[in-house]
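Enquirer: quick one: sequence plus predicted model below, questions after.
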Amino acid sequence: KGLGEILGVPMPMTDKVLTWAQECIGMNFMVDGKMCGSDIGKTRAPQATGIITLDDFLKASKIDKAAVAAEAASTVPKPEKKPPPESEKNPFCVLVCGGGNAAQVATAMFALRYPTIAVSLYA
């Protein structure tokens, strides 16, 4: 949810689940759909460490957006069938995942179609 908020990706189902869950456990992570509740510091959300913009996230992740986009544009073959225009809002795809086998498979699948940056939370 935290990274989705930074990237401007609507997450209505995640919002519903978080709203329900925080009420069940008596904590406050999300306020009015934003990850800014009084208990945000107890989470692993980027906002817990003060990361609230894409530039903040890229800097903390040591990702050079321009270099990644340039490299991806020059090294990744274009898909035979271009994705619909509404799905191409960024020059690359950010995949945030765990470090298991499923994460490796998902990264490979995304990388076949999109220039991909994979961020592993457990590497």
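Expert: Right, received. Where do you want to start?
Enquirer: element containing Thr14?
Expert: helix 12-25 (DSSP states H and E).
Enquirer: buried set for that helix?
Expert: 15, 18, 22 (16 or more other CB atoms under 10 Å). Backbone N, C-alpha and C define where each C-beta goes, glycine included.
Enquirer: give me the spatial nearest neighbour of the last one, chain neighbours excluded.
Expert: Just to be clear, that refers to Gln22. Nearest-residue entry for Gln22: Phe29, 5.2 Å, with adjacent residues in sequence omitted and distances by CB to CB, 6 or more residues apart in numbering.
Enquirer: ok, now which ones touch the one you found?
Expert: Neighbouring residues of Phe29 by CB atoms under 8 Å, 6 or more residues apart in numbering: 18, 22, 35, 37, 39-40, 42-43, 45.
Enquirer: tell me how far Val9 lies from Ile51.
Expert: As judged by CB to CB, to the nearest Å, Val9 and Ile51 stand 15 Å apart.
Enquirer: what packs against the helix holding Thr14?
Expert: If contacts are counted by 3 or more CB pairs under 8 Å, 6 or more residues apart in numbering; DSSP states H and E, helix 12-25 sits against no helix or strand.
Enquirer: in the helix or strand just after it, which residues are buried?
Expert: For helix 12-25, the following helix or strand on the C-terminal side (DSSP H and E) is helix 54-60. Using 16+ other CB under 10 Å as the test for burial, helix 54-60 gives 54, 57-58.
Enquirer: likewise for stretch 34-52?
Expert: By neighbour count on 16+ other CB under 10 Å, the buried set for stretch 34-52 is 35, 37, 40, 43, 45-47, 51-52.
Enquirer: need those residues in a markdown table with distance to Gly4, can you?
Expert: Formatted as a markdown table, the buried residues of stretch 34-52 follow (distance: CB to CB, whole Å):
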| residue | distance to Gly4 |
| --- | --- |
| Met35 | 9 |
| Gly37 | 16 |
| Ile40 | 15 |
| Thr43 | 14 |
| Ala45 | 10 |
| Pro46 | 10 |
| Gln47 | 11 |
| Ile51 | 13 |
| Ile52 | 13 |
